[in-house]
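Enquirer: Here is the input, now give the coordinates:
(chains A and B, ligands or ions: 2)
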Amino acid sequence: MATKEKSKISKEVLLDLHRRMVRIRLLEEAAGRLASEAKIPGFIHLYVGEEAVAAGGCVALTEEDQITSTHRGHGHLVAKGGLFKPMMAEFMGRATGYCKGKGGSMHISDLDLGMLGANGIVGAGVPHAVGAAFANKYRKNNLVTMAFFGDGATNIGAFHEAANMACALHLPVIFMCENNEYAEYTPRDRVMAITDVADRAVAYGMPGVIVDGMDVVAVYEAAKAAVERARNGEGPSMIECKTYRFYNHAGVNAFGTPYRTDEEVREWMERDPVKLFEAQLELAKVLTTEEAQAIHNEIQGEVDEAIEYAEASPMPDPLTDMLTDVYTEAS
Amino acid sequence: MAVTETETEERVIRYNEAFTETLQELMREDPDIFIAGEDVGRYGGVFQSFAGLNAEFGDERVVDTPIAEQAIIGLGIGAAAMGLRPIVDLMFMDFVMVAMDQIANQAAKMKYMYGGKASLPLTITTTAGAGLGAAAQHSQSLEAWLIHVPGLKVVYPSNAYDLKGLLVSCVRDDNPTIITLHKKMLGSKAHVPEGLYEIPLGVANIVRPGTDVTVVAIGKMVDEAKKAADILSEEGIDIEIIDPRSLLPFDTETVVQSAKKTNRIVIVHEAVRNGGIGAEIAAQIQEEAFDYLDAPIARVGAPFSPVPFSPALEMSYVPSAESIIEGVRGVLHRIA
Ligand SMILES: Cc1ncc(C[n+]2csc(CCOP(=O)(O)OP(=O)(O)O)c2C)c(N)n1
Ligand SMILES: [Mg+2]
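Expert: Ligands and ions are numbered 1, 2, ... in the order given. The predicted model follows:
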């Protein structure tokens, strides 16, 4: 990130980007710990390493704009304003969670925040973003929708159908690809003949740009331009963020996996988006190391409180809660 | 025949290993067999069910595919139509829905629509089942969706021994077959002989003979039924457990014979009770053995909701030995 470019962005926005990234990081590290202690059941897909994408994307949105998410959705919800307490409670399957314990990590969401849902079916959220954008255009409310999805998701039909439809209908959608080079345990080059997902954009008639997904300012600026385009009625865009997940596909092992080398993981960790940004903020005299630490401490306190809250929360009751929320009751 | 020492030492392996070994033995025998699916190649599958196969047979025969369930099944269909014998994997049974057109409109109907010319020796492997905190989209048992489709064969092995024999029959069958493993049974062990053997599709297994109540149990529910049988036998209640093994074709005859003997039936499956395979089995039994029944046929299945995430909910969501016992007591307390 050139210091010159950054100066165009207000201090307020820079600090917002930073705060949202740290919020994701600290919540995720805690969630990982709790999962390895079996306090969080089920599969957990951590967002650590990819914080710049969710933060950069969501800071470019307003509170009313919408996003769709993936199986790796914690970061998206945090970036969209998700609160720690109901998130932690949901991870632990408590009745006080965002989804009343019915969805868990993989389905974390809060529609009130414009976060239309983490999803267990790869690519399935992308068409929802097209539908939300359709509703925005229909209502002429000037809102936009950002679909987050992985590199792997761009191989499934739902993605292609949605991208084409969004362009054909000229809808206010931003296609935000988190290209972390792997789909589960299979590297991209075994399942795609192209290197850059952004190349796909041209096939549908939208611009596709590639940004350094470890540089939150680069992500933010690309997102801001795409959001502006969408809001001005100029149609969809695609942004490919080159990023990396620090941990295994699921769970908390970073190293010692057979499908990627420890060396590769370390190289990417050296480009830790949170640390990179903090170094830049210090250089630009926006945030001192001490101030950054104070923010970490404050957020860590909030994470700890959320864990206490979740652990003290009741479990849902099979007798009363199992069959509710299957249908909307007539009002 | 004299039983030698080695013959009495039964080889016991895991359900998951039985799957891998069967694929390996089949592929060594038939060069037309190839495997395709997500993560099945280099990584050996998310449950390591395909471990070592890519190393032995190479990228051409054990293919890592993109995340593209429709194209994965379609790949199998096209290759099968050309005479290969594809084994294609859908990592989770929930993803059957993503590929349903290719399965139900294409694979299942091609033979009939094209006047009998297209034979599709296609096997779809997948994993079903709740109990892992995997929530609504990674826990379902969707066999009922599949048995509604003429042209498919649907198999749900309840133990490692059956898994091997049924998988061999599926792969050697010249029709599209779907074989469903249960995620919670991957580590369960049983005696499995080395070498290939077939268990014919459409032949049920009487897992435990009994006199008082017939329990028809599907997949992992066979284990739960066995637990229920142990508890009930202490009270002098003797249940007969039938594992259909193959759901389509279904061995109506064996189940009806049992109904005529015990006069009381409980059907248990892990899927949602409503519209589940239990409804079909119950209908078939009453068509053929109505006059023998001393109580309405009972069905034990999951409540009518998506699979919940929270263990507090999921634990009572999934049918268990207790719910089977409750079902058995229910049909016993009806006076004929
Ligand atoms: C339709 C479907 N197929 C397969 C899976 C299993 N699965 C879960 S995550 C994943 C990889 C997704 O890769 P990508 O889109 O790049 O996201 P990442 O995990 O890298 O963030 C796969 C194959 C799934 N959940 N849904
Ligand atoms: Mg990826």
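Enquirer: okay, CA-based contacts and neighbour counts for the rest of this
Expert: Will do.
Enquirer: roughly how far out does stretch A:239-256 sit from the chain middle?
Expert: Distance of stretch A:239-256 from the chain centroid (Cα atoms, centre = their mean, to the nearest Å) equals 13 Å.
Enquirer: right, I mislabeled it, should have said stretch B:217-225
Expert: On Cα atoms, centre = their mean, the centre of stretch B:217-225 falls 10 Å from the chain's centre.
Enquirer: any idea which helix or strand carries B:Lys164?
Expert: Here B:Lys164, judged by DSSP states H and E, is contained in helix B:160-172.
Enquirer: For that helix, which outside residues touch it?
Expert: For helix B:160-172, contacts defined as Cα atoms under 8 Å, 6 or more residues apart in numbering or on different chains pick out B:13-16, B:18-19, B:22, B:26, B:85, B:87, B:121-123, B:155, B:157, B:177-179, B:188-193, B:196-201, B:245.
Enquirer: can you list the residues of the stretch 51-200 of chain A near chain B?
Expert: A:92-94, A:101-104, A:106, A:120-122, A:152-153, A:155-157, A:184-186, A:190-192 (Cα under 8 Å from any Cα of the partner chain).
Enquirer: just checking, which of the residues you listed belong to helices?
Expert: Here DSSP state H is the test, and those give A:157, A:190-191 as lying in helices.
Enquirer: From those residues, keep the buried residues only.
Expert: Among these, those classed as buried by 16 or more other Cα atoms under 10 Å in any protein chain shown are A:157, A:191.
Enquirer: Please produce a markdown table containing the ones in helices among the residues of the stretch 51-200 of chain A next to chain B, extended by distance to B:Tyr317 and pLDDT.
Expert: Converted to a markdown table, those look like this (distance: Cα to Cα, whole Å; pLDDT from 0 to 100):
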| residue | distance to B:Tyr317 | pLDDT |
| --- | --- | --- |
| A:Gly157 | 33 | 98 |
| A:Arg190 | 39 | 97 |
| A:Val191 | 37 | 98 |
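Enquirer: Helices of the chain, residue ranges please.
Expert: In the absence of a named chain, chain A is used. A:3-6, A:11-36, A:51-59, A:74-79, A:84-91, A:125-139, A:157-168, A:188-191, A:201-204, A:216-231, A:262-269, A:273-283, A:289-312, A:318-321.
Enquirer: Let me rephrase: I mean chain B.
Expert: So, for chain B - with DSSP H - the helices run B:5-8, B:15-29, B:53-61, B:69-81, B:100, B:110-113, B:143-147, B:160-172, B:221-234, B:252-262, B:277-289, B:311-317, B:321-332.
Enquirer: For B:Ser316, see how far away B:Val213 is.
Expert: According to Cα to Cα, to the nearest Å, B:Val213 stands 24 Å off from B:Ser316.
Enquirer: Next, the contact list for the nearest residue to B:Pro121 once chain neighbours are set aside, please.
Expert: Spatial nearest neighbour of B:Pro121, excluding adjacent residues (Cα to Cα, 6 or more residues apart in numbering or on different chains): B:Asp174 at 3.9 Å. Residues in contact with B:Asp174 (Cα under 8 Å, 6+ apart) are B:119-122.
Enquirer: before we move on, back to that, now the angle from the helix holding B:Lys164 to helix B:15-29?
Expert: Interaxial angle of helix B:160-172 relative to helix B:15-29 (axes from the mean of the first three to the mean of the last three Cα atoms, to 10 degrees): 30 degrees.
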